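3D model of this:
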Amino acid sequence: MAEVVPIFPLEYVLLPGLPLPLHIFEPRYRRLVADVTAEGGSGAFGVVLGNGGALRPVPGRSAPGARNAIAEIGTMAEILENEPYADGRCDLLTVGSSRFRVLEVDDEGKPYLQASVEFLDESDARVDPELHARARRLSTRYNQLLADITGSDRGDDLPEEPARASYEIAARLQLTTTDRQALLAAPTPSQRLRDEVAVLHRELTLVGITRAVPVPARVLQVQTSSS
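Model prediction:
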């Protein structure tokens with residue numbers, strides 16, 4: 001059954017089980033936080049990839065536009081901590097929980113986007129144990145290679161449950177937002193693990209040859225001055 005949830009578009013892909021700290025300063029998102037944390041509120045909102053990239057418009061009750069250019073699959077962000085400031089801003093610590101599919105967008109009812117969504121199943125029942133084990137082995141090799149190059153070891157511990165492990169592996173991979181969104185949108189944990197095995201083989205080869213870790217394109221941008 002469809003539910004209506006507040007939507008927070010970000011240039012970031014939130015994965016279930018992973019933390020997301022946020023600094024809230026825009027008036028519309030202050031209102032969103034106030035609404036979901038009020039008495040009887042859900043304490044959660046939907047995070048979707050938006051504001052850039054090759055994202056298709058999602059059908060809504062209003063004319064398609066920039067505010068509707070969001071990804072179809074998103075993740076609920078559950079608020080764990082809320083530190084308010086006197087001027088109305090706040091710092092949130094959230095964690096990803098359930099995935100959802102956006103069915104319809106409403107950009108008129110509230111200052112922020114709302115969407116009618118359906119929540120997606122995360123069953124581990126049909127995951128091949130060998131596929132799960134193979135993805136874990138490759139992830140361990142990948143983490144060890146990155147540790148050798150960067151000197152920073154993030155550890156090899158992964159959750160035992162295949163669905164949770166698949167999201168943790170996706171979080172550890174050095175990927176573009178487009179690639180990470182594709183992993184989030186995989187229909188089943190089995191498909192996500194299969195996709196990750198392919199990506200891990202590719203990244204192990206590339207990083208092993210170049211001995212370099214990719215950085216976001218914005219890090220390489222040259223700052224210009226109007227003077």
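
Now do the helices in the protein.
Applying DSSP state H to the chain gives helices spanning 27-37, 129-150, 162-172, 177-184, 189-210.

Please name whichever of the ones you listed is nearest to residue 50.
helix 177-184 (10.4 Å; CB to CB). All C-beta atoms are positioned from the backbone trio N, CA, C, and that covers glycine.

Quick check: longest strand in the protein by residues?
Assignment by DSSP state E gives strand 90-106 as the longest strand of the chain.

and it, which residues are buried?
Within strand 90-106, the residues scored as buried using 16 or more other CB atoms under 10 Å are 90, 92, 94-96, 98-103, 105-106.

Give the other helices and strands that that strand contacts.
strand 3-10, strand 19-24, helix 27-37, strand 44-49, strand 73-84, strand 113-119 (3 or more CB pairs under 8 Å, 6 or more residues apart in numbering; DSSP states H and E).

Adding pLDDT and distance to residue 2, write the buried residues of strand 90-106 out as TSV.
Compiled in TSV, those are given as follows (pLDDT from 0 to 100; distance: CB to CB, whole Å):
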residue	pLDDT	distance to residue 2
90	96	29
92	96	26
94	97	23
95	98	24
96	98	20
98	96	14
99	97	14
100	97	10
101	96	10
102	95	10
103	95	6
105	93	12
106	92	12
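
Once you drop chain neighbours, what's closest to residue 92?
Leaving aside its chain neighbours, residue 92 sits nearest to residue 22 (4.5 Å; criterion: CB to CB, 6 or more residues apart in numbering).

Look up the closest residue to residue 90, ignoring the ones flanking it.
According to CB to CB, 6+ apart, the nearest residue to residue 90 is residue 84 (4.5 Å).

Mind pulling the model confidence for that neighbour?
pLDDT recorded at residue 84 is 95.

I figured it was touching residue 37, is that so?
No - counting by CB atoms under 8 Å, residue 84 does not reach residue 37; the two are 9.7 Å apart.

Comparing the helices of the chain, which comes out most buried?
helix 162-172 (a mean of 23; mean count of other CB atoms under 10 Å).

by how many degrees do that helix and helix 189-210 diverge?
Taking axes from the mean of the first three to the mean of the last three CA atoms, to 10 degrees, one finds helix 162-172 and helix 189-210 inclined to each other by 30 degrees.

Residue 117: what's it in contact with?
2-5, 46, 74, 100-103 (CB atoms under 8 Å, 6 or more residues apart in numbering).
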